[in-house]
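Trainee: the sequence isn't on hand, but the structure is:
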């Protein structure tokens with residue numbers, strides 16, 4: 001995947017006209033490299049990002065020079081979901097890097113469908129180490145093996161091949177099925193909340209009573225008498 005970039009000399013609020021013309025301000029950086037201020041086509045960036053994601057290799061063309069990069073950070077408009085800015089990280093093709101890869105849950109857990117279990121997706125991404133060209137797009141986790149309450153899928157259960165290494169423990173739980181919350185359990189939880197509220201209210205009332213008693217005690221304490229001045233001797 002290739003993406004053409006051009007150098008820019010405008011920054012800050014001055015990039016507003018740039019966005020109006022269909023471009024996105026970009027930054028290119030990497031270890032031992034000087035940062036470059038760039039601009040890329042919003043339309044082309046959207047196409048590339050849909051294919052590569054944040055961990056797919058992209059060839060960035062800057063002044064006809066090809067640079068291998070990862071889309072390191074893409075800022076989107078919260079309303080329109082359009083790209084506002086993007087950071088590219090230039091990598092070395094012969095050097096392994098550590099990167100987080102999203103977990104993709106596929107299939108249906110029959111324990112949810114047949115036994116009303118609750119599916120808990122414990123992990124959304126995992127860290128791997130690989131050469132840039134060997135970074136997986138995602139880590140697929142098939143949920144179809146979750147057929148009973150209490151059943152879990154751990155990292156060691158995955159049959160994934162590739163030239164990369166996981167940087168988390170093999171026993172890490174990726175997904176699990178928990179028992180549904182019964183009406184009796186919900187009632188117990190609700191009662192526990194009510195009791196804790198009553199306890200807090202009782203403690204507050206006790207604190208108010210103690211404060212009032214302290215004030216009354218101060219009010220009832222007689223003021224200390226000022227000693228009378230000695231009478232002047234008769235002349």
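Mentor: Nice, I can see it. This one's a predicted model, so the numbers in the text were calculated from it and none came from an experiment. Numbering: from 1, shown residues only.
Trainee: so, low pLDDT: which residues of the protein?
Mentor: 182-235 (pLDDT under 70).
Trainee: let's see it at 80
Mentor: Within the chain, the ranges that satisfy pLDDT under 80 run 181-235.
Trainee: how is it carved up into domains?
Mentor: Taking automatic domain parsing as the domain assignment, the ranges for the chain are 2-91, 98-178.
Trainee: neighbouring strands for the longest strand anywhere in the chain, and are they parallel or not?
Mentor: In terms of residue count, the longest strand belonging to the chain (DSSP state E) is strand 65-76. Next to strand 65-76 in the sheet, as set by DSSP bridges, lie strand 57-62 (antiparallel), strand 83-90 (antiparallel).
Trainee: reformat the domains of the chain as TSV; add mean neighbour count.
Mentor: All C-beta spots, glycine's among them, are computed from the backbone N, C-alpha and C. TSV is the format used below for these (neighbours: other CB atoms under 10 Å):
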stretch	mean neighbour count
domain 2-91	15
domain 98-178	15
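Trainee: hang on, the earlier thing: now the strands paired with strand 65-76 in CSV, with distance to residue 26?
Mentor: Listed next are the strands paired with strand 65-76 as CSV, based on distance: least, CB to CB, whole Å:
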stretch, distance to residue 26
strand 57-62, 9
strand 83-90, 5
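Trainee: which one of these lies nearest to residue 154?
Mentor: Among the strands paired with strand 65-76, strand 57-62 comes nearest to residue 154, with 29.4 Å by CB to CB.
Trainee: residue 22 is in contact with residue 43, correct?
Mentor: Yes - because the distance of 6.6 Å satisfies CB atoms under 8 Å, residue 43 is recorded as touching residue 22.
Trainee: who's in contact with the spatially most central residue of the chain?
Mentor: The C-alpha lying nearest the average C-alpha coordinate of the chain belongs to residue 124 (CA atoms, centre = their mean; 9.7 Å). For residue 124, the set of contacting residues under the criterion of CB atoms under 8 Å, 6 or more residues apart in numbering consists of 102-103.
Trainee: end to end, how far does stretch 142-155 reach?
Mentor: According to CA to CA, to the nearest Å, stretch 142-155 extends 12 Å from its N-terminal end residue to its C-terminal end residue.
Trainee: other residues contacting it?
Mentor: Contact partners of stretch 142-155, identified using CB under 8 Å, 6+ apart, comprise 105-112, 115, 117, 119, 126, 141, 157, 166, 168-179.
Trainee: could you rerun that using 6 Å?
Mentor: Outside of stretch 142-155, the residues that reach it under the criterion CB atoms under 6 Å, 6 or more residues apart in numbering are 105-107, 109-111, 115, 117, 170-177, 179.
Trainee: centre of the chain to that stretch, how far?
Mentor: Once both centres are worked out by CA atoms, centre = their mean, to the nearest Å, stretch 142-155 turns out to sit 25 Å from its chain's centre.
Trainee: which non-adjacent residue is nearest residue 156?
Mentor: residue 170 (3.8 Å; CB to CB, 6 or more residues apart in numbering).
Trainee: so that neighbour: helix, strand or coil?
Mentor: coil (DSSP: H, G, I helix; E, B strand; the rest coil).
Trainee: return the subset of the contacts of stretch 142-155 lying in strands.
Mentor: 105-106, 173-177.
Trainee: could you identify the most distant pair in the residues you listed?
Mentor: The distance between the two most remote of those (CB to CB) is 17.4 Å, for 106 and 173.
Trainee: for residue 167, see how far away the closest residue to residue 94 other than its chain neighbours is.
Mentor: The shortest distance from residue 94 to any non-neighbouring residue, by CB to CB, 6+ apart, is to residue 131 (7.2 Å). Between residue 131 and residue 167 the distance, using CB to CB, to the nearest Å, works out to 15 Å.
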